[in-house]
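> Got a predicted structure plus its sequence, pasted below:
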Amino acid sequence: MRCDGEQLTVQGEAAAGQTRCVYGVDGVVCLATTSYDGQPTATTPAGNCWRQRLAAHHLFDETPLSSDPMAEAPDSRRMAPAPTNIGALPEEILLRVMSYLPTREAVHTCLVSPYWRDLWRSVPCINVSIMEFKDDDYEDDFEREVAFKRFVNHFLMLRNPVPLVEFRLTYSMSDDDRSDSDDANDWISHALQWNARVVKVVNQHEPLEIDHEVFTSSFLKRLHISSADLFPGFFSQLQTGCPALEYLFLFDCLIMDHEIFSMTLKVLILSKQIAFSDQASISAPSLIYLSIEGDIQSGRLPVLKSMASLETASALISGAITDCDADAIRQFLGGLSNVTSLDFRYRDQKLTMEKNFQWCPRFSKLVNLTLNRSCVHAEFYALIVFLQNSPNVKKLTLKLNQVCVLGHIGYASAITGELEDRSFTCEQLQIVKIKCSETSEMLPRVTQFLHARGVRPDQMRINRRN
């Protein structure tokens, strides 16, 4: 059987008078009945078959209407079929198990048995992905996208009115068609209307144009967005429209707001290529974890304000920042001065600090410190400055294998400068982890430097990788 476009046809052999449930190209279940001469008696439009299913008890059965699995068995052998292990589980547990399935596969479970016929309609997690349609026989990407949209729209229309726990969308924007963004925004809005606590939108190719007005929910706690344009007003809408939001993950997004402000966020992750239309400020009094892991495509580093609750920070400063100087780093690190754990990596051009310039703040609460190769370069200048300002560090991690040589300019990434006083005291230091390659030329120099400063060999943990 095959469903081409909106019309269902029957192919192959089928039992006379048998009603079968089959899938169309858009993944929607359709109804077909075969006559006693083996030919289809009718074809059912795919768009209407779901409504017929609501009134037809046998719609999802693969067996004839009058079929009884035990009807042809001798009376002496007839017995009630034993339930399978999974079928004996309570519906609440079955729905939870089905929540881990992609939505298209969850719909397929309607063919397991009559009991499973409508379970998919109440699954509390939706996971729709255009990648599930990549192996289907479509003429081009446009036809695949149309089938995907049709499936999602049908599914959302037919699911039961039950609250959602999570909504995951994997989408593909192949061109600048505004309607593609409109569809995605409608789906996100639907999920939030049904109280989704987690929303994850993974987009590919062209950026998705997010309509921030859809973000109105007192239930949303976690939001993931990748490859999208976030227009002015996005963060103010999150602040007023989503008072329970605690976790925000942005991947490869253009942020057009100049101020990122939130009283509720506890985790903020900016990953891969994050572009600001201008220098931005980040203010989040409740923030506990901050990660800026990608290329910040902006003129200057963002200004960090009101980070009193911040405990853990991970920052990568790369060559995408066109105006990164000593003062910008001083201001940026100043916003992180209260953290207990800091992972700082510098992968920009060689930066020479002026003598006696106080670019590094006092990290009085810092316990775990991670630095990359650029801070160990040039007579350990940056490493010494960090340790001089981190008297309570207990664990130090040095990543010597992360090298960044800007070949088009011809210099190695490094923070350098002169120090009159190269001494430091880390009485709390307990362990030093060194990550490097098997052939690292810096390792002997680093271990010698640490040993001369009182770090014992048994305190060093060296992890060599190719």
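Arrived safely.
> how about the nearest residue to G334 once chain neighbours are set aside, what does it touch?
If the residues on either side of it in the chain are set aside, G334 comes closest to P361, at 4.9 Å by C-beta to C-beta, 6 or more residues apart in numbering. Quick note: C-beta positions are derived from backbone N, CA and C, even for glycine. Residues near P361 by C-beta atoms under 8 Å, 6 or more residues apart in numbering: R330, L333, G334, L336, S337, N389.
> are any of those residues buried, and which?
Those of those that meet the buried threshold are L333, L336, S337, N389, by 16 or more other C-beta atoms under 10 Å.
> Which ones among the residues you listed map onto helices?
Using DSSP state H, L333 are the members of the buried ones among the contacts of P361 that sit in helices.
> What pLDDT does the model give the residue nearest to G334?
Per-residue pLDDT puts P361 at 94.
> Can you report phi and psi for it?
phi -80, psi 170 (degrees, to the nearest 10).
> and stretch 312-329, average pLDDT?
pLDDT averaged over stretch 312-329 gives 81.
> buried set for it?
312-318, 320-321, 324, 326, 328-329.
> Please apply the same query to stretch 343-351.
D343, F344, R345, Y346, R347, D348, K350, L351.
> Out of the residues you listed, which sit inside strands?
Using DSSP state E, D343, F344, R345, Y346, R347, L351 are the members of these that sit in strands.
> Out of those residues, which comes closest to D141?
Checking those against D141 with C-beta to C-beta, the nearest one is R347 at 35.5 Å.
> From P163, how far off is the closest one?
Distance, R347 to P163, by C-beta to C-beta, to the nearest Å: 44 Å.
> In contact with T170, which residues are there?
Residues in contact with T170 (C-beta under 8 Å, 6+ apart) are V128, S129, I130, M131, V202, N203, Q204.
> please redo it, this time with the cut-off set to 7 Å
For T170, the contacting residues are S129, I130, M131, V202, by C-beta atoms under 7 Å, 6 or more residues apart in numbering.
> And for M131?
By C-beta under 7 Å, 6+ apart, M131 lies in contact with T170.
> What score does G24 have for pLDDT?
Turning to G24, the model gives it a pLDDT of 42.
> So what's the residue count around the nearest residue to S99 once chain neighbours are set aside?
Leaving out its chain neighbours, the residue that sits closest to S99 by C-beta to C-beta, 6+ apart is C125, at 3.7 Å. The number of residues packed near C125 is 19, by other C-beta atoms under 10 Å.
> My read is that C125 contacts P163, right?
No - C125 is beyond contact range of P163, at 11.0 Å (criterion: C-beta atoms under 7 Å).
> Let me know the closest of the buried residues of stretch 343-351 to F167.
The closest of the buried residues of stretch 343-351, once distances to F167 are taken by C-beta to C-beta, is D343, at 31.1 Å.
> what's near enough to touch that closest one?
Listed by C-beta under 7 Å, 6+ apart, the contact set of D343 reads S314, T370.
> any idea how far it lies from W359?
Distance, D343 to W359, using C-beta to C-beta: 18 Å.
> Could you list the domains of the protein?
Following automatic domain parsing, one finds the domains of the chain at 2-68, 311-466.
> Out of the ones you listed, which gets the lowest mean score?
Mean pLDDT is lowest for domain 2-68 among those, at a mean of 36.
> Helix or strand: which one has L169?
Following DSSP states H and E, the helix or strand that holds L169 is strand 166-170.
> could I get that strand in CSV with only the CA atoms?
Presented in CSV, the C-alpha positions along strand 166-170 are these (Å, rounded to 0.1, in the frame of the first residue of the first chain):
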residue,chain,number,x,y,z
GLU,A,166,9.1,18.8,26.6
PHE,A,167,9.0,19.9,22.9
ARG,A,168,11.9,19.3,20.6
LEU,A,169,12.1,20.5,17.0
THR,A,170,14.8,19.7,14.6
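> so what strands line up beside that strand?
strand 125-129 (parallel), strand 198-202 (parallel) (DSSP bridges).
> With respect to I86, which of those strands lies nearest?
Taking these one by one with C-beta to C-beta, strand 125-129 is closest: 17.9 Å.
> In contact with L265, which residues?
Residues near L265 by C-beta under 7 Å, 6+ apart: L245, E246, L248, A284, S286, L287.
> So which residues of the stretch 151-300 of the chain form helices?
Assigned by DSSP state H, counting those that start in this stretch, the stretch 151-300 of the chain shows helices spanning 178-193, 234-241.
> will you turn these into JSON lines that also has mean pLDDT, mean neighbour count and distance to I255?
Putting those into JSON lines (pLDDT from 0 to 100; neighbours: other C-beta atoms under 10 Å; distance: least, C-beta to C-beta, whole Å) gives the following:
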{"stretch": "helix 178-193", "mean pLDDT": "91", "mean neighbour count": "18", "distance to I255": "17"}
{"stretch": "helix 234-241", "mean pLDDT": "96", "mean neighbour count": "18", "distance to I255": "8"}
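> and these as JSON lines, adding distance to D137?
As requested, those are exported to JSON lines (distance: least, C-beta to C-beta, whole Å):
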{"stretch": "helix 178-193", "distance to D137": "22"}
{"stretch": "helix 234-241", "distance to D137": "39"}
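> Mind listing what's buried along stretch 357-369?
With the criterion 16+ other C-beta under 10 Å, stretch 357-369 contains buried residues W359, C360, P361, F363, L366, V367, N368, L369.
> and that stretch, how far apart are its ends?
Terminal residues of stretch 357-369 are spaced 21 Å apart (C-alpha to C-alpha, to the nearest Å).
> what does stretch 153-167 give?
By C-alpha to C-alpha, one end of stretch 153-167 lies 14 Å from the other end.
> still on that earlier bit, quick one: which of the contacts of L265 is nearest to S423?
Comparing the contacts of L265 against S423 with C-beta to C-beta places L287 closest, at 34.5 Å.
> thought the closest one was touching L310?
Yes - using C-beta under 7 Å, L287 makes contact with L310 at a distance of 5.4 Å.
> Show the contacting residues for the most centrally placed residue in the chain.
The structure's the chain has its C-alpha centroid closest to H224; by C-alpha atoms, centre = their mean the separation is 5.3 Å. By C-beta under 7 Å, 6+ apart, H224 lies in contact with K200, V201, F249.
> Quick check: it vs A244, distance?
In terms of C-beta to C-beta, H224 sits 16 Å off from A244.
> How about E427?
Noted for E427: a distance of 43 Å to A244, by C-beta to C-beta.
> cool, A382 as well?
Relative to A244, A382 is positioned 40 Å away (C-beta to C-beta).
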